[in-house]
Structures are given as structure tokens and as C-alpha cells.
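Q: only geometry, no sequence info:
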């Protein structure tokens, strides 16, 4: 038995150099690994109209992987883990070799409007504008496809984007009906953005968007939007002062039997002000018409469409670029089918980011 | 029809206006100092511009689409390197849709290559230490000798991209180095009486300057990089400055001047606004005049508080 133990020990000792070599001379390299980042969002909501317990809940964790593919492409992915499952929110490749044109291929966040381009943790208010969830989706239009964005030769930043996407049925995340099975159903998008420097510190950003596809009823379904943003970032205090004034209008509609019918439509206007390096505050007013929201329901508890007006104010504490805590209050009044319910809610949101996370689009 | 012709004429004029300016090489940079060096090395063959202004915090440049537009036709992009511009360059470079200046191409330059990098973190880096730069302190442009390394590097890049003017680039870089050496001797003489004297910068961006001119650094006004000081941290700093006899606080135009003045006043010293970047203050139009102002401002402040000069 003793001889057997010695034999085993000798065998283990003999293997040590081999293990050591295996650990230090791997045939695999991690030098070209992507930049990795993760953001997690937690929130709590207190609202008398919502049938849910108060308390803190996990909203989502987003893992981002970004890297160069080869001399011609870079790759970006954002995979979102939430309590209801995993969503490959964005997985796309971007060309780097075509002068003045940026080509994106994959699962995209379609270039529609202004708010629709934002990741959840970059929303200026905890709640997305009500009109978003009723037109292109609370988190924007996300679909597999291809987009080309041309930076025109005009002297200011003028970008024309065209995109085509996969046919897609209506779902909780996608209110647009692009579900026709016809071969000619290729939803497409056109976006025109112009940004002018009014001076060194203030910019004017104007955007127009149009998205169209064929619905499961055979008709043409579309969304159109216009946005305007005036933004100020004082150069000497770019990390402690500034403001953003923004407005956006979105309209969804369908053309059946040769006539266009306007469906959900609405707008929001918001003003965000940076008080210091650590504090932001904001106010937003909005209106959504012929739209649905969680507290506008009939006697049976089923959602009904109506006009909703909502005002929100918030304050955010941002101790670093990688975390924030935000407190928000909103008051809303709806009107539909003889009902006029109102809603008050207080929300708290916390965001934490680790790893590599590039700045959000301006 | 007339209105159509008028519209087309306006569009044509706009396109002409948008045509890239004529120069052998259009160079864009992350910092004004790099643009200044590029211009001096490139001479008449180069048109250099910086995306970040001298009075703007280079860590927090807003990634405005107009910056992307500004480099749409650049031949060379000179990044500061060492991740100083990592917060905004990853948006601006791809947004320019200019294949000539993307990382990995001849037109993309990391200006920190060859520079003797200070304060490289040892061991694990984490953000509990604030906004640390994992590759080392990126504010090397506070050292005149580091800019000589940049000048020689840029001369090689320009020569590679524009061989017809290679001799001019080499000669300009040589002249730059010679002028910098001569100026350095003058600046060293101005600060020689204060060798070993401690100063307090707002941010950890003075190590290269202090190292070159024999000054000591006594902490920073911000407790950690990117984290604003609390009243208690200001108190602690003031007390430790009093005990050590440190009298001079230096800060840049984009930092919290009020906090610096408060610290200096309570410590019985002075706070002095110093340009670390070209264009940060008046009369700092190139790297030489920037160092003239930097050195004279600090020498005057030290003279006033130490009784020297």
C-alpha cells in the first residue's frame, strides 16, 4: 500500500511540469478578445393603479462585446438578460472601409427618431414616452436587416440612412405589423439627420424618419417621426454643466383599400439640466392619442385606447460615469370611452456599469 | 424652374464650401499640443486641427457629430494614446466614415508610442481608484522632451504618407527638437530655484512636468481621478498642506477653480491657473508659448509664496 502511495505521488510530481507548461504555453490566445462591458438596471415603482407589490426589482443586465473583426469590419453585440428571458438586442457588424458610408448588417436598432436609438440605461427618464410603446416599440425598432448611412458632402453633419429589414409580426416589443408572408414584404426605413453647430457649445439636431412594411392584413403599415434637439455643453465645464431641450413626434398608420388611416400618434417635449458634476434634473410633458397604457383599462381590466397626458420630473445622482441613482415622479391623466382615470407614481432606478462602455451617441 | 436652378446653385456652393482644404496632408488630432507639433513638423505641407480645444477637458470631449464631419477627409489622425481619448474617440472615428484614419491603418497614429510613460499601474487596476488610466499617465505633453519624441514620430509618419516632402519633414523635426532643447534650458533655469518644492495640482496631470523640472507633487485637489472633492476631503488636504508648508495649487481652465482657490486660501498660499494644453489660456498659440506661460506662471507663484526668485 505504501509503495502504491509513493507511486501515485511520483506520478503527480512528474505531471507538475507538464501542467505548468500547459498553463503557460496555451495554444489559445486571448489577445484579440473583445472589449467586454456589463450594465445592470434595478428599479422600484410605487403606483396605486398597478397591481404589483412595492419593492426593488431587477430590470435587466446587458452584456456588450465589441471588437474588430478584420480590416473591413467591426462587431458589436448587446445581449440583454431579463427576468423574462434573454434577448440578443443588437448583434451587428459595421463596415470600416467604405468612404463616407457606414454599412451595418445584423440584428439592429433601426435608426428611427431620437428616443428609439437609446439603450434602456441611457433613457433620460425612467419611463419611456408612452407614444414609443404604441408606435415603434418602447426600446425602439429592433429587427434583423441592413442599414447604410451616408455622410453627405454638405458642410455640416448631414446623414441620410436607408435600411431594409426582415418581415416581423406584432409582439409586445414590436407594435408595428410587418407580418405579411408575401415575398415583396421587405420593411424599409429612411432617416435624415442634420446637426448644426449654432456655436462652439450649442448644437441644433433635426431628424425625420419613415418606416414602412406590409402587415398581416395585406395593407401597408408605417410609422413616421420628426425630432428636434437643442443641446448645450459648455466647453470649459463639459463634465459639470449643460442642458438638452428635445421634442419628438411619432405617428403610426395603415393604408388599406387605398386610404391612409392614422392610428396611434403623440409627442413629448423634455428639458434636462446638469446642475453639477454629480447632479442632473429633468422635466418632460407628453401626449399620446389613440394609445394604450397600463392604467387605462375597462371594467373587465382589458386595455382600451385613449388620449393620455403625462408629466414627469426627475433628479439623478451620478457619482461617476459608471453608476447613477435616479428618482422620478409622474402624473398622468387619460380619457377614453367615458373614463378619465389618473395615475401618480414614484420610481427609483439604479444603474451600474463594469468593464468597457463607450460613450453614448451625442 | 428659376427656383430649381437657384436651389441647385446653393447646393453646388455648399458642396464647394465642403470640399476639403488644400494641403498635402490634412491632419486631425485629439489634443491641441499634438496639432501644434504636427503643424510645426509638417510646415506648409500640412493643415493640422485638434478636435479638443485647449480649454476643454480632454477626458470629456462631447462626441459631437460635427467632430466626425471635421475628420471625414483627414489623411492622418493623431490620437493621444494611453486611453486619454477613449471616452469619445471610439464614437468619433467610425462616425467619420473615413477608412484612411481607422486604427490599424497608416493614417492612424498613437502619439504616445516611444514616450517614456510614467505612473503605469502595477497589479490589478480597478475603478475604486477613480478614473485611472490602465496604460499609464497620459498627460505626457506636459514634458517638453516627450513632445520631441512625438515630433520625430510624426515626421516619420508624414514621410511615409507623403514621400515627396520627406526631407522637409525630417528637417522640420530636427529644427523642432533643437528649438525645444534651447527653450528647455531657459525654462529649467527659471524653475531651478524651486527644485524640490511641492505643488498641488487639481488632477493627476502634472507628473511629467514636475518630473522634468524637479518639482514635487503633494497629492491632488480631487481625491481620486474624476471624483470631485467633498468638504471633508478639502479640509484634510488643507491641513496636510499647512503641516507640510505647501503653498501653490495649480489647475486648468476646465477644472473647479473655486475648490482650488478655497484650498489655496485656507492653506495660506495661492491657486494659479496654468495651461496644460495649447490654447488653454491667452498667449498659448503653440507648444513653445504654452510652456513659456506654464513655466512663468508657476515660477511667479512659487516666488510669491517662497520669497524666492
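A: Alright, I've got the coordinates. Bear in mind the structure is a predicted one, so any value in this text is a computation, not a measurement.

Q: Work out for me the element the residue nearest to residue A:104 when sequence neighbours are not counted sits within.
A: Once flanking residues are discounted, residue A:104 sits nearest to residue A:147: 4.6 Å by Cβ to Cβ, 6 or more residues apart in numbering or on different chains. Quick note: C-beta positions are derived from backbone N, CA and C, even for glycine. Taking DSSP states H and E as the criterion, residue A:147 maps to strand A:142-151.

Q: Closest to the centroid, which residue in chain A?
A: residue A:119 (3.0 Å; Cα atoms, centre = their mean).

Q: what sits against that residue?
A: Residue A:119 makes contact with A:39, A:62, A:78, A:139, A:360, according to Cβ atoms under 8 Å, 6 or more residues apart in numbering or on different chains.

Q: Please identify the residues of the stretch 51-200 of chain B in proximity to chain A?
A: For the stretch 51-200 of chain B, the residues in contact with chain A (Cβ under 8 Å from any Cβ of the partner chain) are B:53, B:55-57, B:59-66, B:68-69, B:72, B:86-88, B:90-91, B:94-99, B:102-104, B:127, B:130-131.

Q: what's around the residue nearest to residue A:104, how many residues?
A: For residue A:147, the count of nearby residues is 22 (other Cβ atoms under 10 Å in any protein chain shown).

Q: on that earlier part again, report pLDDT for the residue nearest to the centre of chain A.
A: You'll see residue A:119 listed with a pLDDT of 93.

Q: same question, residue A:299
A: The score at residue A:299 is 86. That number is its pLDDT.

Q: Check the burial of it by counting its neighbours.
A: 7.

Q: same question, residue B:225
A: Residues near residue B:225, counting by other Cβ under 10 Å: 17.

Q: The closest residue to it other than its chain neighbours and residue B:64: what is the separation?
A: Of all residues not flanking residue B:225 in the chain, residue B:130 sits nearest, at 4.0 Å (Cβ to Cβ, 6+ apart). Distance, residue B:130 to residue B:64, by Cβ to Cβ, to the nearest Å: 26 Å.

Q: Comparing these two, which shows the higher neighbour count?
A: Each of residue B:130 and residue B:64 has its neighbours counted (other Cβ under 10 Å); residue B:64 has more, 22 against 16.

Q: So residue 87, which state does it fall into?
A: No chain in the question, so chain A it is. Look at residue A:87: counting by DSSP: H, G, I helix; E, B strand; the rest coil, its state is strand.

Q: I was thinking of chain B, sorry if that wasn't clear
A: Assignment for residue B:87 (three-state DSSP): coil.

Q: ok so, going back, indicate each strand paired with the strand holding residue A:147 and its parallel or antiparallel sense.
A: Each strand paired with strand A:142-151, and its direction, by DSSP bridges: strand A:101-109 (antiparallel), strand A:157-165 (antiparallel).

Q: and the next element down the chain from the first one?
A: I take that to be strand A:101-109. Next in line after strand A:101-109, if elements are assigned by DSSP H and E, sits helix A:130-135.

Q: With the last one instead?
A: Proceeding N to C from strand A:157-165, the next assigned helix or strand is strand A:188-197, under DSSP H and E.

Q: And that following strand, what does it pack against?
A: strand A:157-165, strand A:202-214, helix B:65-70 (3 or more Cβ pairs under 8 Å, 6 or more residues apart in numbering or on different chains; DSSP states H and E).

Q: quick one on the thing from earlier: any chance of CSV for the strands paired with strand A:142-151, columns mean neighbour count?
A: Shown next, in CSV, are the strands paired with strand A:142-151 (neighbours: other Cβ atoms under 10 Å in any protein chain shown):
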stretch, mean neighbour count
strand A:101-109, 18
strand A:157-165, 19
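
Q: can you put these in a markdown table and add distance to residue A:211 and mean pLDDT?
A: Shown next, in a markdown table, are these (distance: least, Cβ to Cβ, whole Å; pLDDT from 0 to 100):
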| stretch | distance to residue A:211 | mean pLDDT |
| --- | --- | --- |
| strand A:101-109 | 12 | 96 |
| strand A:157-165 | 9 | 98 |
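
Q: what would those look like in CSV with distance to residue A:192?
A: Shown next, in CSV, are the strands paired with strand A:142-151 (distance: least, Cβ to Cβ, whole Å):
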stretch, distance to residue A:192
strand A:101-109, 15
strand A:157-165, 5
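
Q: what residues are up against residue 213?
A: Because you didn't say which chain, this covers chain A. Per Cβ under 8 Å, 6+ apart, neighbours of residue A:213: A:165, A:167-168, A:176-178, A:180, A:185-188, A:220-222.

Q: was after chain B, sorry
A: Counted by Cβ under 8 Å, 6+ apart, residue B:213 has contacts B:187-188, B:191, B:195, B:295.

Q: Please narrow these to those residing in strands.
A: If you go by DSSP state E, the contacts of residue B:213 have nothing in strands.

Q: Take these and write them to a markdown table, including pLDDT and neighbour count.
A: Listed next are the contacts of residue B:213 as a markdown table, based on pLDDT from 0 to 100; neighbours: other Cβ atoms under 10 Å in any protein chain shown:
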| residue | pLDDT | neighbour count |
| --- | --- | --- |
| B:187 | 97 | 22 |
| B:188 | 97 | 15 |
| B:191 | 97 | 20 |
| B:195 | 95 | 11 |
| B:295 | 97 | 22 |
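
Q: Go through the residues you listed and name the one nearest residue A:159.
A: residue B:295 (45.0 Å; Cβ to Cβ).

Q: Which parts of the stretch 1-150 of chain B are strands?
A: B:25-29, B:46-50, B:76-79, B:108-110 (DSSP state E, counting those that start in this stretch).

Q: possible to save the ones you listed as JSON lines with mean pLDDT?
A: Output for the strands of the stretch 1-150 of chain B, formatted as JSON lines (pLDDT from 0 to 100):
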{"stretch": "strand B:25-29", "mean pLDDT": "97"}
{"stretch": "strand B:46-50", "mean pLDDT": "97"}
{"stretch": "strand B:76-79", "mean pLDDT": "98"}
{"stretch": "strand B:108-110", "mean pLDDT": "97"}
